[in-house]
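Asker: Just to be clear, the model below is a prediction. Sequence and coordinates:
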Amino acid sequence: MKRRQLLQASFALGCAPSVLSRAWAANLPAKAQVVVIGGGYGGATAAKYVRLFSDHKINVLLIEPNAQFISCPMSNLVIGGSKSLADLTTSYDALSSKHGVTVVRDKATAIDPQKKTVTLQNGGSISYDKLVLSPGVDMVFDSIEGLQAANASGQVLQAWKAGPETLALRKQLEAMPDGGVYALTVPEAPYRCPPGPYERASQVAHYFKQAKPKSKVLILDANPDVTSKAGLFKKFWSDNYKDIIEYRPHRQQPLVWHPLSNL
Ligand SMILES: Cc1cc2nc3c(=O)[nH]c(=O)nc-3n(C[C@H](O)[C@H](O)[C@H](O)COP(=O)(O)OP(=O)(O)OC[C@H]3O[C@@H](n4cnc5c(N)ncnc54)[C@H](O)[C@@H]3O)c2cc1C
């Protein structure tokens, strides 16, 4: 589909195109209302720039269930011990006070494109002229048998959504005896943030080297090779963490969650 057709299709649905521009905002009537679902990097940036590009004339409502934004980028540094979660946490206050975005702390549960309304979990609905959908991605725990239960019990932490699990994983690593193994799996590409798992392995190895030098990081990669910046990562590991990081490519991802000894 050509860009122009994509834009036309998006407008016909009442949805905003994924790339916002000054021209897009300028084409909306002054009293228009734009609703943004999701206050991550995508949605919060969209909300701010619709306000800026319209000289603060267009009403923008941002629907986001969390009180604060926690950045996924840099969250591996919390696991490695060189940043705190507070360093990565920002409130939505500046979006309201500086840019006039109305932040609605709620979750969107349904969209009616005909009536142009969004239903909220806590009741009520909000009308829109244009809608920006930016809810991100979520974990699909039931794709691996047993993973949901292992995660719920705190046994297997994903920590790919920065927040409480990031801290919990850091605490697990701190509690791990020296000589232990931290194993992480890398799914087949494409997946969100290609360097993320290798970055995490490096951060954990950095911590182990200082605090638990007999410990190991085991990377079980479903891909044939490191999927991002392979040369850089592999050189860095061999120069700095030769005895700590073990990299195994071509590893089938588990269909059932099982103990480390069976891997
Ligand atoms: C460890 C790690 C490191 C990373 N490092 C980098 C990096 O260095 N550089 C980089 O560019 N990218 C990096 N990424 C990727 C980056 O984090 C994502 O691409 C980015 O966060 C996606 O932003 P988003 O706004 O689309 O989604 P998200 O950040 O997931 O935000 C979605 C928001 O929508 C909200 N939401 C969901 N459902 C609803 C609903 N029904 N109603 C209302 N709100 C809802 C959620 O609460 C959330 O706040 C990294 C990712 C990870 C995990």
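Answerer: That came in fine, so what should we check first?

Asker: Next up, the contacts around the residue in the stretch 101-250 of the chain that the ligand sits nearest to.
Answerer: Nearest residue of the stretch 101-250 of the chain to the ligand: residue 136, at 2.3 Å (C-beta to the nearest ligand atom). For the C-beta atoms, the positions are set from N, CA and C on the backbone; glycine is no exception. Counting by C-beta atoms under 8 Å, 6 or more residues apart in numbering, residue 136 makes contact with 38, 40, 42.

Asker: Please flag which of those sit within helices.
Answerer: If you go by DSSP state H, those have residue 42 in helices.

Asker: Now do the same for the residue of the stretch 101-250 of the chain closest to the ligand: its pLDDT.
Answerer: Here the pLDDT value assigned to residue 136 is 95.

Asker: what does the protein have sitting close to the ligand?
Answerer: Neighbours of the ligand within the chain, by C-beta under 6 Å from any ligand atom: 37-43, 63-66, 72-73, 75-76, 107-108, 134-136, 160, 192-193, 196.

Asker: ok, and what's touching the helix or strand where residue 118 lies?
Answerer: Counting by DSSP states H and E, the element that carries residue 118 is strand 117-120. Contact partners of strand 117-120, identified using C-beta under 8 Å, 6+ apart, comprise 35, 37, 63, 104, 106-112, 125-128, 131.

Asker: rewinding a little: just the buried residues of the residues of the chain next to the ligand.
Answerer: Those of these that meet the buried threshold are 37-40, 42-43, 63-64, 72, 75-76, 107-108, 134, 160, 196, by 16 or more other C-beta atoms under 10 Å.

Asker: Nearest residue to residue 122 in space, please, no chain neighbours.
Answerer: Distances taken as C-beta to C-beta, 6 or more residues apart in numbering put residue 106 closest to residue 122, at 5.1 Å, once the chain neighbours are dropped.

Asker: right, and the one you found touches residue 63 too?
Answerer: Yes: here residue 106 reaches residue 63: they are 5.7 Å apart, a contact under C-beta atoms under 8 Å.

Asker: What ranges does the protein have for its strands?
Answerer: 33-37, 59-63, 68-70, 89-91, 102-104, 108-112, 117-120, 125-127, 130-133, 181-186, 216-221, 245-248 (DSSP state E).

Asker: Serialize those strands to a markdown table and add fields for distance to residue 145 and mean pLDDT.
Answerer: Formatted as a markdown table, the strands of the chain follow (distance: least, C-beta to C-beta, whole Å; pLDDT from 0 to 100):
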| stretch | distance to residue 145 | mean pLDDT |
| --- | --- | --- |
| strand 33-37 | 31 | 97 |
| strand 59-63 | 34 | 97 |
| strand 68-70 | 30 | 97 |
| strand 89-91 | 34 | 97 |
| strand 102-104 | 37 | 97 |
| strand 108-112 | 28 | 98 |
| strand 117-120 | 33 | 97 |
| strand 125-127 | 38 | 95 |
| strand 130-133 | 31 | 98 |
| strand 181-186 | 15 | 94 |
| strand 216-221 | 17 | 96 |
| strand 245-248 | 22 | 97 |
